[in-house]
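Q: Show me how the following folds:
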Amino acid sequence: MSEKGIVFFPERFIEATPKDYRLEPYEDVFFTAQDGTRLHGWFVHGPDERAVLLWFHGNAGNISHRLHNLKKLHDALQIPIFIFDYREYGLSEGEISKAGTFSDAQGALRYLTSEKGFQESSVLLFGRSLGTALAVDIASKEECLGVILEAAFTSTDDMMRRYFPFFTLPTTSTVKYDSLSLIESIKSPILFIHGQFDQTIPASMARRLFETATAPKDFYEVAGADHNDTYLVGGREYFAVWQKFFIDCLNRKESRES
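A: All right, here's what the predicted structure looks like:
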């Protein structure tokens with residue numbers, strides 16, 4: 001059964017490019033997922049190349065719908081940002097599935113390490129909503145610079161219980177997102193960001209993940225924010241939290257390597 005229209009809401013049409021937001025120079029990138037599927041993304045250069053941000057977006061639209069957010073984040077951090085589309089989103093090929101997104105995420109990390117020459121320890125993972133499951137999966141296997149989980153959920157099963165309370169969950173083995181079972185494996189610092197009034201994913205899910213995590217961690221609840229407007233409602237404070245976390249991650253890395 002296809003999960004499109006239930007879990008995933010991909011859109012093909014690219015509404016704008018980084019150039020439209022004065023995000024230059026940038027590269028139009030085509031790369032392959034772990035299973036060979038051809039994917040598309042944008043690599044936006046930045047003056048500070050001590051780190052790179054790898055962005056796993058949410059379940060709807062495509063990368064062009066994140067450009068306003070991308071511009072503000074790039075201005076705040078001044079580091080390169082790599083944002084890409086999962087299979088069947090934007091210009092990426094293939095058909096969307098949970099298993100496919102895990103393969104896509106691995107391919108994106110491999111692109112940064114193999115093609116761009118970044119070490120895993122210089123990659124800052126950013127997952128938003130659905131993308132938090134992919135950031136957690138990567139971070140549970142690789143020690144990265146840090147992990148930002150915005151609007152994080154505990155697991156597919158918990159989300160199904162929330163939205164389809166009378167639906168019987170399958171007992172057979174299926175591919176699922178289960179950040180709750182992986183979060184303790186993360187060694188890199190974690191920043192949780194969540195809207196106070198998130199109607200899509202309750203803040204209590206992120207709090208549960210936060211309490212379970214054993215890595216250095218912080219929780220920033222954006223007062224008055226819902227699911228998609230955290231960076232707008234949070235304003236300067238939102239980006240100041242990002243900047244502090246980024247600097248803390250760099251300092252931790254330098255102290256480890258010295």
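Q: which strands and helices sit next to whichever strand or helix holds K71?
A: Element membership for K71, per DSSP states H and E: helix 67-77. Applying 3 or more CB pairs under 8 Å, 6 or more residues apart in numbering; DSSP states H and E, one finds that helix 67-77 contacts strand 52-56, strand 81-84, helix 230-257. (Each C-beta comes from the backbone N, C-alpha and C, glycine too.)
Q: all strands for this protein, in order.
A: 9-10, 26-32, 38-44, 52-56, 60-61, 81-84, 123-128, 146-150, 190-195, 217-222 (DSSP state E).
Q: Show me the shaky parts of the stretch 1-150 of the chain.
A: 1-2 (pLDDT under 70).
Q: Contacts made by stretch 132-141 with the rest, please.
A: 56, 101-102, 104-106, 109, 125-127, 144, 147-153, 177-179, 182-183, 185-186, 188, 190 (CB atoms under 8 Å, 6 or more residues apart in numbering).
Q: Any of those residues buried? List them.
A: The neighbour count (16 or more other CB atoms under 10 Å) marks 56, 101-102, 104-106, 109, 125-127, 144, 147-153, 177-179, 182-183, 186, 188, 190 as buried among those.
Q: what residue lies at the spatial centre of the protein?
A: G127 (1.7 Å; CA atoms, centre = their mean).
Q: Would you mind confirming that that one makes contact with C144?
A: No. Shown here, G127 and C144 do not form a contact pair, counting by CB atoms under 8 Å, at 11.6 Å.
Q: so what's the nearest residue to C249 once chain neighbours are set aside up against?
A: Nearest residue to C249, sequence neighbours excluded (CB to CB, 6 or more residues apart in numbering): G146, at 3.8 Å. Contact analysis of G146 by CB under 8 Å, 6+ apart lists 124-125, 188-191, 245-246, 248-249.
Q: What's the separation between G146 and E95?
A: The span separating G146 from E95 equals 32 Å under the rule CB to CB, to the nearest Å.
Q: What of H65?
A: Applying CB to CB, the value for H65 to E95 is 20 Å.
Q: Neighbour count: the two, which is higher?
A: More crowded of H65 and E95, by other CB atoms under 10 Å: H65, with 19 against 12.
Q: Now do S255, the pLDDT please.
A: At S255, the model reports a pLDDT of 89.
Q: contacting residues around the residue lying closest to D229 once chain neighbours are set aside?
A: Distances taken as CB to CB, 6+ apart place G195 nearest to D229, at 7.1 Å, with adjacent residues excluded. Going by CB under 8 Å, 6+ apart, G195 touches 151, 203, 221-222, 224-227, 229-230, 233.
Q: what sits opposite G195 in the beta ladder?
A: V222 (DSSP bridges).
Q: Just the pLDDT for it.
A: On the pLDDT scale, G195 gets 98.
Q: Distance of P10 relative to S122?
A: For P10 relative to S122 (CB to CB), the value is 30 Å.
Q: right, I mislabeled it, should have said T154
A: 29 Å.
Q: So those two - more neighbours on which side?
A: Neighbour count, other CB under 10 Å: between T154 and S122, T154 has more, with 25 against 19.
Q: Is that one in contact with K176, as I believe?
A: No. T154 is beyond contact range of K176, at 11.1 Å (criterion: CB under 8 Å).
Q: re the thing from before, just the buried members of the contacts of G146?
A: Buried members of the contacts of G146, counted by 16+ other CB under 10 Å: 124-125, 188-191, 245-246, 249.
Q: Reformat these as CSV; add distance to P25.
A: Shown next, in CSV, are the buried ones among the contacts of G146 (distance: CB to CB, whole Å):
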residue, distance to P25
L124, 20
L125, 23
S188, 29
P189, 30
I190, 31
L191, 28
F245, 26
F246, 22
C249, 25
